[in-house]
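Novice: Need coordinates for the below:
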Amino acid sequence: MSKKNLLISTAISLSFLSGCNSNVAASSEEIVTNMLEAEDDIFSYYGKSTIDVYTGEEHTENITMEEYVNDKGEKKVITTNHLDNDLKTFTYNTGKQLITYDEKTNTAQSIDFALTESPMFNESPKDQIALTLDMIDETHTTEIVDEETIQGYDTYHIKATSNKKNNLLGDIDIWVDKKSWLVLKTITNNGDIRTVIEYKELDLSPSFKKETLKIDIPSDVEITPIDSENNVKTGTLDEAIKALGKAFLIFKDDELTIEKIEWYELKGELNRTEVTIYYEKDAVPMFSVSVFPTPPEADLALEESKKTVRGQHAEYMEEISSLSWDENGLRYNIMIANPSLSVDDIIKKAETMIYPK
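Specialist: Numbers count the residues shown, from 1 in each chain. So this is what the prediction gives:
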């Protein structure tokens, strides 16, 4: 799956938008207001859905996903890639830990929720919708266009239309269950890429046996904590350069200070070291810069935009305030954390970046 397809499918499969109790066009603000008045519960359900991606006339992704969720926040997801020998990936959310097992690589990893700042794995469908809706509030116009029945459930059909061409997520049609806030179907059109995610089976009052949510990983596979000291380290700039194996550009600005430097020793398909530097001003977070070797894979190449950084073509993802470019064998990715900064501010500041002495 390409980088863009992966981002689109991930965002949508986490639940993308919300509905409201009106059958006329509604703004994002009205949708959020009505949604927040609904009950906020994590509930049991079983679902079987399909994810299909089409690039032009070519069927480039064909995945089936099964979800088993109980009201304690435990969740088991099995994805089957039909275009890759029906190989499966298993994800287990125990409520305290997320564990994944990949049949293709025969590897398993875990992450402790207590050690991650990301709340999305333990949130209700309503909360997931609220988070993602906020992300597109300024980039899309949303309206309820119809009420329809999907797999026996009453849904709002919501259309999210991109305000600009070449938007990362494109135009999206969403069908969301009126009661549970589960997104039952989405269709995304972005250029020549069409993504369809749809529940084929759904039971909102399932009866699970104890073994249903059991973690079943081959005995010869060791579960590697991805947040262990072996994978994430913090230290000095010199130590980070040594870990990466190559000097990289940093911001030299008297108003900016480095809050923290950390690096990840990623395994599996990525198999790289990635350094992230967090910059702040007067103890207020401003942005972070991640640096890693430029990926050789064609599907991880940057998509050119009208923007350039330091004379290099750049990719800008407005939805997540992310700016990336390749320079001297390294890829730089800047994530803007402070809303007072624009992407043009960052591009201007990047011209002053230097190699540490």
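
Novice: what about the stretch 151-300 of the chain, any weak spots by pLDDT?
Specialist: Within the stretch 151-300 of the chain, the segments meeting pLDDT under 70 span 166-168, 227-231, 267-270.

Novice: what are the ranges of the strands in it?
Specialist: 153-162, 171-177, 183-190, 193-203, 223-225, 232-234, 257-266, 272-281, 284-293 (DSSP state E, counting those that start in this stretch).

Novice: So which of these is the most surrounded?
Specialist: Mean neighbour count (mean count of other Cβ atoms under 10 Å) peaks for strand 171-177 among the strands of the stretch 151-300 of the chain, with a mean of 22. Yep, even glycine has a C-beta here, placed from its N, CA and C like the rest.

Novice: could you give the angle of that one to strand 153-162?
Specialist: Here strand 171-177 runs at an angle of 160 degrees relative to strand 153-162 (axes from the mean of the first three to the mean of the last three Cα atoms, to 10 degrees).

Novice: Give me the sheet partners of strand 171-177 and which way each runs.
Specialist: Note on strand 171-177: by DSSP bridges, its sheet partners are strand 153-162 (antiparallel), strand 183-190 (antiparallel).

Novice: Tabulate the CA atom coordinates of that strand in PDB.
Specialist: The C-alpha trace of strand 171-177 is given here as PDB (Å, rounded to 0.1, in the frame of the first residue of the first chain):
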ATOM      1  CA  ASP A 171     -13.700  14.100  -1.200                       C
ATOM      2  CA  ILE A 172     -15.400  11.700   1.200                       C
ATOM      3  CA  ASP A 173     -18.900  10.100   1.500                       C
ATOM      4  CA  ILE A 174     -19.600   8.700   4.900                       C
ATOM      5  CA  TRP A 175     -22.500   6.700   6.200                       C
ATOM      6  CA  VAL A 176     -22.600   6.800  10.100                       C
ATOM      7  CA  ASP A 177     -25.000   4.800  12.300                       C
END
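
Novice: Okay, angle between it and strand 193-203 too, please.
Specialist: If you take the same axes, to 10 degrees, strand 171-177 sits at 0 degrees to strand 193-203.

Novice: number of nearby residues for residue 53?
Specialist: 23 (other Cβ atoms under 10 Å).

Novice: nearest spatial neighbour of it, skipping sequence neighbours?
Specialist: residue 61 (3.5 Å; Cβ to Cβ, 6 or more residues apart in numbering).

Novice: Quickly note the distance from that neighbour to residue 194.
Specialist: Separation of residue 61 from residue 194 (Cβ to Cβ, to the nearest Å): 11 Å.

Novice: Residue 203 now?
Specialist: Where residue 194 is concerned, residue 203 sits at a distance of 28 Å (Cβ to Cβ).

Novice: before we move on, what about residue 277?
Specialist: Per Cβ to Cβ, residue 277 is found 38 Å from residue 194.

Novice: for residue 143, same thing?
Specialist: Distance from residue 143 to residue 194, by Cβ to Cβ: 21 Å.

Novice: Tell me where this protein has helices.
Specialist: 3-13, 28-36, 125-136, 237-244, 343-350 (DSSP state H).

Novice: Mind telling me which of these the model trusts least?
Specialist: Here the helices of the chain differ in mean pLDDT, and the lowest is helix 3-13 at a mean of 42.

Novice: Residue 323 bridge partners, please.
Specialist: Beta-bridge pairing for residue 323 (DSSP bridges): residue 316, residue 334.

Novice: Distance of it relative to residue 301?
Specialist: For residue 323 relative to residue 301 (Cβ to Cβ), the value is 16 Å.

Novice: next one: residue 307
Specialist: Distance of residue 307 to residue 301, given as Cβ to Cβ: 16 Å.

Novice: again with residue 182
Specialist: Distance, residue 182 to residue 301, using Cβ to Cβ: 35 Å.

Novice: Between those two, which is the more surrounded one?
Specialist: Per other Cβ under 10 Å, whichever of residue 182 and residue 301 has more neighbours is residue 182, with 25 against 14.
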